[in-house]
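Please work out how this folds:
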Amino acid sequence: MKTFLIAPVRGQAEGRWRGVVDKLSQDGWEVYWPSRDTAQDGTSAHICTANYQAILEAEAVHIIWDGKSQGCLFDLGMAFALSKRIIPIDLPPKSEGKSFQNFIREIRAA
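Numbering: from 1, shown residues only. From the prediction side, this is the model:
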């Protein structure tokens, strides 16, 4: 089973999500982790294209979102458009009204 881990990259300590990747691997997932598997020194177009290809090949995506990362939202949009199963790991608290964290929870429950 392949998964793509959506998680903040910019401004994060190297290896920040290593424990999550290890846990997913132990649970049987083959994890594509952009911090490790996408060349972060490329252009924005290169990064987004590489992530798109990995999301396309994944059965599901797991998401950690801090409520700020625009890259996470971009990858989330691609996963949603590709009808991928979206599995939240960590999100901001539920909010009143419309929000991306509410959207993720809503589609998870569907």
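
Now do the strands in the protein.
Using DSSP state E, the strands of the chain run over residues 2-6, 30-32, 60-64, 85-90.

Show me where this structure has its helices.
Across the chain, reading from the start of the chain, the helices by DSSP state H fall at 18-26, 34-37, 44-57, 70-81, 100-109.

ok now the second one, how far from the chain's centre?
Distance, stretch centre to chain centre, for helix 34-37: 11 Å (C-alpha atoms, centre = their mean, to the nearest Å).

then it to PDB, C-alphas only?
In PDB, the C-alpha atoms belonging to helix 34-37 read as follows (Å, rounded to 0.1, in the frame of the first residue of the first chain):
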ATOM      1  CA  PRO A  34       8.400  14.900   0.300                       C
ATOM      2  CA  SER A  35      11.000  16.100   2.800                       C
ATOM      3  CA  ARG A  36      13.000  13.000   1.900                       C
ATOM      4  CA  ASP A  37      11.800  12.000  -1.500                       C
END
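
Pull out the buried positions in it.
34-35 (16 or more other C-beta atoms under 10 Å). Just so you know, the C-beta spots here come from the backbone N, C-alpha and C atoms, and that holds for glycine as well.

Check which helices and strands that helix sits against.
Packed against helix 34-37, as judged by 3 or more C-beta pairs under 8 Å, 6 or more residues apart in numbering; DSSP states H and E, are the following elements: helix 44-57.

and the end-to-end length of stretch 19-36?
Separation of the first and last residues of stretch 19-36 by C-alpha to C-alpha, to the nearest Å is 13 Å.

Verify the stated contact: Ala60 with Ile86.
Yes - taking C-beta atoms under 8 Å as the contact criterion, Ala60 and Ile86 are neighbours in contact, 7.3 Å apart.
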